[in-house]
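A.B. asks: Here you go, sequence then predicted model.
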Amino acid sequence: MTRIVFMGTPDFAVPSLRLLLEREDVEVVAVVSQPDRPKGRKRELTPPPVKAFALERGLPVLQPERMRAPEAVEAVRELAPDLVVTAAYGQILPKSLLDIPRLGCVNVHGSLLPRYRGGAPIQRSVIDGEKSTGVTLMFMAEGLDTGDMIARVELPITDDDTSGTMFDKLSVAGAELLGEWLPRLIAGDAPREPQDDTLSTYAPNLTRDDERLDFGVSSRQLFDRVRGLSPMAGAFTVLGGEVFKVWGIAVPSEADFKLKAEWQAATPGTVLDSGAFGIRVRSGDGSVVLTEVQPAGKKRLSAAEYARGARLAPGTTLG
C-alpha cells in the first residue's frame, strides 16, 4: 500500500484529504498543517480546518513553524512516505523534503498554471475579473508553483461568484482531479508537462492595501474587488475616519446617472443617493451601489438599513 503524507491547512484542502482517506490503495500516515493561530475578536488559538478534520479521523498531525527547519524535514523522513500530497499548505517545501518520497511530491493548486502562481490565486482571479479559472495538479519543484504539470481542469467564474464560492468549487474539483490521476502517480508513470514561464503571472497573498477600495477605478473593477475579498477579509473604505466594510456591491444601470449633471460632476467616492436599493457611490466611470455593509464595531447589515438609520446624506465622502 502506498504511504502518503498529506500537507494542507485551510478548508480548500479538506476534500483532497477526505478523498485519500476513502481510497483502499493508499494509507495516509500523517498530516502536516500550519500551526494553530489566534482568530476572532477574542483571539483564541484555533486549529486550521485540515488539522481539525485529521484529528476527527484519528490521524497524527505535525505542525512545524518552519517546514525548512531540519527537524521538520527529519520528522517527515521518519514517516517514510512514498508520496507527499499538498493542497494550500502555505509554505514552500525545501529540496531536502522534496527528495524524500520515491514517487515525488504533488500539489493541488487553485489556478490554471502557469497563471496565478502564489498564495492567493483564487482571490486574485476574481479580483482581476477573470471569466474562468481552474485547478492544476502538479509535481512540486523548488520554485514557487513552478513544477511540471500533470493535469488541469477549468471552471467558469460567474458574476454571482465570490472567492468563497470559487474556493468551494475548486476544492471539490481539485480532489476529483487528484483522484483521477492517483493511480498513475502510484504507478510512477504520471505525465509531466513543463510550464511555460513566459506565460506566468503571480498571485501574492493579500495585504491591507488590497482590501481598501479605490473609488477612482471603474465600477466593474470595484464590483470584482468586493467579490474577490468576500467572505474572507472583506473590502473596506473609510467613513467618518473609521473603517467601513463593504460586503455586497452592484453595478446599476447608468441611464439615470447620465441625466444628472451633479452626479457626473461629483468626485469618486461621493455618496450620490441612498434608499431601499442601497447606497449609490460615484466611481471612476459612473457609479456603484453598496448593498451590504458593516460599520466599525457593528454587525453586517443591508446598506439600505444602514443608510436609513444613519441618515446618510448625498455628498458624504467615502475613502
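C.D. replies: On my side now, so go ahead.
A.B. asks: for the protein, which spans come out with low pLDDT?
C.D. replies: 259 (pLDDT under 70).
A.B. asks: if you set the cut-off to 90 instead, what comes out?
C.D. replies: 38-45, 233, 253-264, 297, 307-313, 319 (pLDDT under 90).
A.B. asks: Just say helix, strand or coil for Ile150.
C.D. replies: Taking DSSP: H, G, I helix; E, B strand; the rest coil as the rule, one finds Ile150 in the strand state.
A.B. asks: what comes up buried for the lengthiest helix in the chain?
C.D. replies: Looking across the chain with DSSP state H, the single longest helix is helix 163-187. Across helix 163-187, burial judged by 16 or more other CB atoms under 10 Å covers 163-167, 169-175, 177-178, 181-182, 185-186. Where C-beta positions appear, they are placed from N, C-alpha and C, glycine not excepted.
A.B. asks: by contact count, what packs against that helix?
C.D. replies: Applying 3 or more CB pairs under 8 Å, 6 or more residues apart in numbering; DSSP states H and E, one finds that helix 163-187 contacts helix 14-22, strand 83-87, strand 105-109, helix 121-127, strand 132-139, strand 149-156.
A.B. asks: what's the closest of the ones you listed to Gly309?
C.D. replies: With CB to CB, the closest approach to Gly309 among those belongs to helix 121-127: 30.4 Å.
A.B. asks: From the contact counts, what lies against the closest one?
C.D. replies: Packed on helix 121-127, when contacts are counted by 3+ CB pairs under 8 Å, 6+ apart, are strand 132-139, helix 163-187, helix 219-228.
A.B. asks: Tabulate these (TSV), appending distance to Ile122.
C.D. replies: Formatted as TSV, these follow (distance: least, CB to CB, whole Å):
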stretch	distance to Ile122
strand 132-139	7
helix 163-187	5
helix 219-228	8
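A.B. asks: Nearest approach to Arg117 belongs to which of these?
C.D. replies: When the helices and strands packed on helix 121-127 are compared (using CB to CB), the closest one is strand 132-139, at 9.9 Å.
A.B. asks: okay, the closest one in PDB with CA atoms only?
C.D. replies: Extracted in PDB, the C-alpha atoms of strand 132-139 (Å, rounded to 0.1, in the frame of the first residue of the first chain):
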ATOM      1  CA  SER A 132     -12.700  31.300 -15.700                       C
ATOM      2  CA  THR A 133     -10.100  29.700 -13.500                       C
ATOM      3  CA  GLY A 134      -9.300  26.100 -12.500                       C
ATOM      4  CA  VAL A 135      -7.100  23.600 -10.700                       C
ATOM      5  CA  THR A 136      -3.700  22.300 -11.700                       C
ATOM      6  CA  LEU A 137      -2.300  19.000 -10.300                       C
ATOM      7  CA  MET A 138       1.400  19.400 -10.500                       C
ATOM      8  CA  PHE A 139       4.700  17.900  -9.400                       C
END
